[in-house]
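J.: With the input below, show me the fold.
(one chain, ligands or ions: 2)
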Amino acid sequence: MTSQQPPASHYIAGAYLDDAEGAAIPVIYPATGQEIARLHAATDAVIDKALAAAHAAQPAWAALSGTERGRILRKAADILRDRNHEMSVLETYDTGKPLSETLIADATSAADALEYFGGLAGALTGEHIQLPEGDFVYTRREALGVVLGIGAWNYPTQIAAWKAAPALACGNTMVMKPSETTPLCTLKLAEILTEAGAPPGVFNVVQGYGPEAAKMLEDPRIAKVSLTGSVPTGLKVYQSAAAGMKHATLELGGKSPLVIFDDADLDSAVSAAINGNFYSTGQICSNSTRVFVQSGIKQAFLDRLTTRMKDVVIGDPLDQATTLGPMVSERQLSITLDYIEKGKAEGARLVTGGERHEQEGFWIAPAVFADVADDMTIAREEIFGPVMSVLDFETEDEVLARANATQFGLAAGVFTQDLTRAHRMAAGFQAGTCYINAFNLTPVEAPFGGMKMSGMGRENSKAAIEHYSQLKSVYVGLNPTEAPF
Ligand SMILES: NC(=O)c1ccc[n+]([C@@H]2O[C@H](COP(=O)([O-])OP(=O)(O)OC[C@H]3O[C@@H](n4cnc5c(N)ncnc54)[C@H](O)[C@@H]3O)[C@@H](O)[C@H]2O)c1
Ligand SMILES: O=CCc1c[nH]cn1
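T.: Numbers count the residues shown, from 1 in each chain. Ligands and ions are numbered 1, 2, ... in the order given. Predicted coordinates:
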């Protein structure tokens, strides 16, 4: 097993910084269960250094022209693309996701974000508003200050870049705390931003667990938090942000519906259900974990799905032929296995998979449940593992009501050849990201984010600019000022 030990745990003011006094963060390769690196959570002194560096760097970063900031982000995108293989291997060690995925969905997605927001940075402007008698107002789009990023473990490189790219484009600086489960890749992103020309302090990485993130969020030097994580963490982060009247983007969990009508292209619908449940071993926030299938095609769907499931290649994540890797951790595997037991106990029919592989690492056979009812635990709670629930339905009205009967609202999808019905469904879904005859695609040009308990704010697209900047109105009077006395 090759060590993936980075030079130090933290990256502050343009350089690695170590401090072994903080709690240990063992980094485990999910395919073997072996430790591949050992980092340390930030002490108070490290946290202070990071916040001070980001705070000190912010005015000069914001004072650059957008074009200058954008050039640095676009250069970082080019370096990321040049190093895609190296970054993808590290992402595979960090997360266990197979190289066949990481090569196309992680550093490349991060590069897209840096390129997109790098291009947008120079185009950020306010507006001019004419008023009677020559007076006018102009608006200035200004940075917020220092942004705290807090990441989940499923897409560490993508999550860091989806936050850093719009934040930096708008003139903010950033302190990013990756998930303690996958702390490696974000350090590489920091190195690359420095190499691309980001001044010291513009992008800093601080390692830690929840308490270290919570401590940073309470600091008055933080102006905004952007969290990718679970709903319970989102609630705590939102409360803390509110106490300091700080801006918050919350990208949280989901239990997203995929509705397949009997006129759907069945092979495409099966592909979407597979991608939406088993890509990244089921560890994607927007996954279509409730697959509603119209009763007339239920058996055909299940037959086609179970046949296709036989083609899954479970194996060494570093072998590009592998299409399904291990789960990220023993804990996440055990949560998933518990849900599978609940599904069986509550009467769902396990069609395939669901058993742990007795070998080193955190391996599980992807599970498909049929005959799932809306009130079963596996149909209500986010599992964040490779478990698909197939539910039957009869009519459009019925399925739309059932699809929306959840506290979550991250994503939703519909497969049908009837485009009128497709758009009616998309309009009716209570979800931030909806799909028609597609699922789980997240191009940087499109807003991504949740409704209801799945969060607030949007990542990607021009919409993200609204969440990483603030508007100032400047009224300009061209006439004598009058007063009543
Ligand atoms: N909507 C999205 O874009 C999106 C993307 C990926 C993952 N997710 C969600 O993330 C979850 C899985 O990730 P996870 O297990 O890492 O989530 P988590 O909520 O346990 O942890 C997320 C991050 O929050 C930090 N944290 C924990 N307690 C904190 C506190 N009190 N204050 C501040 N930070 C705290 C953790 O250290 C970690 O970095 C799932 O619910 C998944 O749906 C959402
Ligand atoms: O995990 C959530 C974000 C995402 C969706 N698809 C790829 N990344």
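
J.: Write out the residues of the stretch 1-150 of the chain neighbouring ligand 1.
T.: Residues of the stretch 1-150 of the chain lying close to ligand 1 (CB under 6 Å from any ligand atom) are residue 150. C-beta here means a position set from N, CA and C on the backbone, and glycine is covered the same way.

J.: Next one: the residue in the stretch 1-150 of the chain that ligand 1 sits nearest to relative to residue 449, how far apart?
T.: Nearest residue of the stretch 1-150 of the chain to ligand 1 (CB to the nearest ligand atom) works out as residue 150 at 4.7 Å. Distance of residue 150 to residue 449, computed by CB to CB, to the nearest Å: 15 Å.

J.: Comparing those two, which residue is more hemmed in?
T.: Shown here are residue 150 and residue 449; by other CB atoms under 10 Å, residue 150 has more neighbours (28 against 25).

J.: which residues does that one contact?
T.: Counting by CB atoms under 8 Å, 6 or more residues apart in numbering, residue 150 makes contact with 176, 177, 213, 217, 225, 226, 227, 228, 229, 233, 237.

J.: So what sits opposite it in the bridge?
T.: Residue 150 has the following beta-bridge partners by DSSP bridges: residue 177, residue 227.

J.: cool, residue 469 as well?
T.: On the basis of DSSP bridges, residue 469 is bridged to residue 143.

J.: Can you report how many residues neighbour it?
T.: 21.

J.: Surely it and residue 143 touch.
T.: Yes. Between residue 469 and residue 143 there is a contact at 6.2 Å, judged by CB atoms under 8 Å.

J.: On the pLDDT front, check residue 1 for me.
T.: Listed pLDDT for residue 1 reads 63.

J.: Give me the three-state assignment for residue 140.
T.: strand (DSSP: H, G, I helix; E, B strand; the rest coil).

J.: quick one: the residue of the stretch 1-150 of the chain closest to ligand 1 and residue 87, what's the gap?
T.: Counting by CB to CB, the gap from residue 150 to residue 87 is 21 Å.

J.: do the same with residue 363
T.: Counting by CB to CB, the gap from residue 363 to residue 87 is 24 Å.

J.: what about those two, which has more around it?
T.: Each of residue 363 and residue 87 has its neighbours counted (other CB under 10 Å); residue 87 has more, 25 against 22.

J.: Which secondary structure state does residue 464 sit in?
T.: Quick answer, by three-state DSSP: residue 464 is helix.

J.: Tell me how many other residues surround the closest residue to it other than its chain neighbours.
T.: Spatial nearest neighbour of residue 464, excluding adjacent residues (CB to CB, 6 or more residues apart in numbering): residue 166 at 4.1 Å. Residues lying near residue 166 (other CB under 10 Å) number 32.

J.: Okay, and residue 414 sits in which element?
T.: Following DSSP states H and E, one finds residue 414 within strand 411-415.

J.: for residue 49, that is, sorry about that
T.: Following DSSP H and E, one finds residue 49 within helix 44-63.

J.: low-confidence ranges in the chain?
T.: In the predicted model, the chain carries pLDDT under 70 at residues 1.

J.: for the residue in it that ligand 2 sits nearest to, what are its contacts?
T.: As assessed by CB to the nearest ligand atom, ligand 2 sits closest to residue 285 within the chain, at 3.7 Å. The contact partners of residue 285, by CB under 8 Å, 6+ apart, come to 152, 154, 228, 251, 252, 253, 254, 410, 454.
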